[in-house]
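Student: okay, here's the prediction I keep looking at, along with the sequence it came from:
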Amino acid sequence: MPVDNVVTLVMPSPMQVVVLAAGQGKRMHSRLPKVLQPLAGAPLLAHVLDAARSLSPARIAIVHGHGGERVPQAFADAPGLAWVRQEPQLGTGDAVRQALPLLDGAGMVLVLYGDVPLIGAATLARLARACSGARLVLLTVELADPTGYGRIVRDGAGRVLRIVEDKDASAAERAIREINTGILCAPVASLGNWLERIGCDNAQGEYYLTDVVGIAAAQGVAIDTVHPAAPWETLGVNSKTQLAQLERILQGERARALMEQGVTLIDPARIDVRGELVCGRDVEIDAGCIFEGRVELADGVRVGANCVLRNSTVGEGARIQPFCHIEDAVIGPSCQIGPYARLRPGARLAEEVHVGNFVEIKNSSIAAHSKANHLSYVGDATVGSNVNIGAGTITCNYDGARKHRTVIEDDAFIGSDTQLVAPVTVGRGATLGAGTTLIEDAPPDALTLSRARQVTIPRWRRPTKAKASGK
């Protein structure tokens, strides 16, 4: 669920995007490249690309480096991306310079960062609108405590003169609260000219993208600034602590958006949407729930505490009791699920199906008004309507090499502790006695059972342990 609405933008010149994604992220202490670290179920870079695509850019070029080909491989299925590898990594200015040959020199370029994942579509739209002609536009933000950030230095008329880094700033400059985010928009040709003029005479021996601001100002280029809709849009990720902080910000925004749509969240601070959650009217979600992939909840659905739903659809008026795990499943209207139920991929439930505590359903369809209320496994099965599956029932679907299917026809009654050894069919209206192991088809409208004769042995004594002799 995006934080911002998708913005359609028409630009007089082709808008292109360069995303800098070459950083190592040493403070993450991870073998996974920084831009592939997960945020709300997707890599950091995926969030940035989603925001960039909201502008319908003519080209998206990504500069990668650390991690070799792992980053491009992670997005192999994503269309319309151009990749360039920065080797060696000589700073942000050098990274953008590597990408410029991939761009249309007559167009505009927006520079984003693969580790700044919360940047919003509305903010990018304002930034792009401000970038026209020969202008350079910077995304800046005012912070109550700007310590550690580069400051935006202006003249008496408010014109941007340069960016000064925190360690190089004077006392007066450190008092400036407007800071540089690194995100900017400029004409491709002009940016290329400015980048050719920057040097690497600094402690890191790197080419800094921020140096183009002073060069452009010295040439009399108009420099504009745009502020984000919220300061947290510009926060970067350099550690697992910062990653966790951004996770809570993003989840808070998603919770707020759900409530504005009419969803009741029992505790907005305890919900995680790691994909797309689509809700109808009068949906209620209790605390501790996780939604992954695309999940659809129809009108009147209630989801109990601590449930996990992944790539599933829940029909109108269904009730999901606490502690259920549901994946790649379809749940019909007015179903009752759980507590402690597990629906695995391929579970398809029609209306008013009951799946109770500690029941597992996998690759099975269950028709309307059927019940499996306790401690059962239904796998690779086709279950008709008005079927009762007793506690402890198991469909024995796997012979060690192949899966086989069980068919239970309408109105059948399966007694407790029954094993259905597939492939097998239970006929319409049939009854299986408790404890039955069914290895052949059960005829319709008849009682089928298989039990050993009950035997009692009189005067039998259970063995007892010999008492240890004392010493």
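Tutor: Nice, thanks for sending it over. Residues are numbered from 1 along each chain as shown.

Student: contacts for stretch 360-368, please.
Tutor: The contact list for stretch 360-368 (C-beta atoms under 8 Å, 6 or more residues apart in numbering) reads 329, 332, 341-353, 355, 372, 376-387, 395, 410. Using the backbone N, CA and C atoms, a C-beta is placed for each residue, glycine as well.

Student: next step: those restricted to strands.
Tutor: Using DSSP state E, the subset of the contacts of stretch 360-368 located in strands is 342-343, 348-349, 355, 372, 377-379, 381-383, 395.

Student: pick out the most distant pair among those.
Tutor: Farthest pair in the ones in strands among the contacts of stretch 360-368 (C-beta to C-beta) is Arg342 and Thr382. Separation: 19.2 Å.

Student: identify the single longest helix in this protein, thanks.
Tutor: If you go by DSSP state H, the chain has its longest helix at helix 240-260.

Student: partner strands of the following helix or strand past that one and their direction?
Tutor: Beyond helix 240-260 on the C-terminal side, the first helix or strand identified by DSSP states H and E is strand 264-265. Next to strand 264-265 in the sheet, as set by DSSP bridges, lie strand 284-285 (parallel).

Student: can you list the residues that contact the strand it pairs with?
Tutor: So strand 284-285 is in contact with Leu258, Val263, Thr264, Leu265, Ile266, Ile271, Leu297, Val301, Arg302, Val303, going by C-beta under 8 Å, 6+ apart.

Student: wouldn't Ala99 be in contact with Leu81 here?
Tutor: No - if you go by C-beta atoms under 8 Å, Ala99 and Leu81 don't touch, sitting 11.8 Å apart.

Student: what touches both of these two?
Tutor: In contact with both Ala99 and Leu81: Ala61, using C-beta under 8 Å, 6+ apart.

Student: neighbour count for these two, which is higher?
Tutor: Just comparing Ala99 and Leu81: by other C-beta atoms under 10 Å the higher neighbour count belongs to Ala99, 24 against 16.

Student: wait, is the more buried one part of a helix?
Tutor: Yes - under DSSP: H, G, I helix; E, B strand; the rest coil, Ala99 falls within a helix.

Student: per the record, what domains does this protein have?
Tutor: Listed by automatic domain parsing, the domain ranges of the chain are 15-234, 264-448.

Student: to Ala468, which of the ones you listed lies closest?
Tutor: The closest of these to Ala468 is domain 264-448. By C-beta to C-beta, the value is 39.8 Å.

Student: for that closest one, measure first residue to last.
Tutor: 49 Å (C-alpha to C-alpha, to the nearest Å).

Student: do the same with stretch 104-114
Tutor: 22 Å.

Student: next, the buried residues of it.
Tutor: Under the neighbour-count criterion of 16 or more other C-beta atoms under 10 Å, stretch 104-114 has Gly107, Met108, Val109, Leu110, Val111, Leu112, Tyr113, Gly114 buried.

Student: which one of those is nearest to Val160?
Tutor: Proximity of the buried residues of stretch 104-114 to Val160 (C-beta to C-beta) peaks at Val111, which lies at 16.3 Å.
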